[in-house]
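> Fold the stuff below for me.
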Amino acid sequence: MSRPLGSKSGASRQRIRLQKEIAARIRETRVKRGLSQATLAERVHSTQQCVSLWEANKTLPDVDALLSLSLTLGVTAGWLAFGEGTP
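All right, here's what the predicted structure looks like:
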């Protein structure tokens with residue numbers, strides 16, 4: 001049985017929720033550390049546009065960027081990606 005166009009599976013809804021949470025954790029932690037998007041981008045060897053897209057939930061950081069973000073922001077990669085453990 002096919003789903004109507006525009007309907008979302010449970011896995012799809014979970015992925016969307018996870019993406020929103022990652023975006024919020026990146027922004028929340030960056031602001032808490034007093035960093036601008038441009039400064040964070042420079043420290044993780046990316047661009048301000050990428051940081052903006054991550055925080056706006058338009059794209060996700062790749063694994064290398066996620067690890068660099070966690071080190072730069074002083075949080076674990078597990079917390080940044082999944083909210084697991086303590087920041």
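> max-length helix in this protein?
helix 10-32 (DSSP state H).
> so how many other residues sit close to residue 54?
When neighbours are defined as other Cβ atoms under 10 Å, residue 54 has 25 of them. From N, CA and C alone the C-beta is placed, and that goes for glycine too.
> In three-state terms, label it for me.
Going by DSSP: H, G, I helix; E, B strand; the rest coil, the secondary structure assigned to residue 54 is helix.
> Quick one: residues contacting residue 47.
Taking Cβ atoms under 8 Å, 6 or more residues apart in numbering, we find residue 47 in contact with residue 41.
> quick one: buried residues of stretch 48-63?
For stretch 48-63, the neighbour count (16 or more other Cβ atoms under 10 Å) marks 50-51, 53-55, 57, 60-61 as buried.
> Check which helices and strands the longest helix of the chain is in contact with.
helix 48-55, helix 63-73, helix 77-82 (3 or more Cβ pairs under 8 Å, 6 or more residues apart in numbering; DSSP states H and E).
> TSV for those helices, including mean pLDDT and distance to residue 22?
Output for these, formatted as TSV (pLDDT from 0 to 100; distance: least, Cβ to Cβ, whole Å):
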stretch	mean pLDDT	distance to residue 22
helix 48-55	98	8
helix 63-73	97	8
helix 77-82	94	6
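> Please convert the ones you listed to JSON lines, extending it with distance to residue 35.
Below are the helices and strands packed on helix 10-32 laid out as JSON lines (distance: least, Cβ to Cβ, whole Å):
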{"stretch": "helix 48-55", "distance to residue 35": "9"}
{"stretch": "helix 63-73", "distance to residue 35": "8"}
{"stretch": "helix 77-82", "distance to residue 35": "14"}
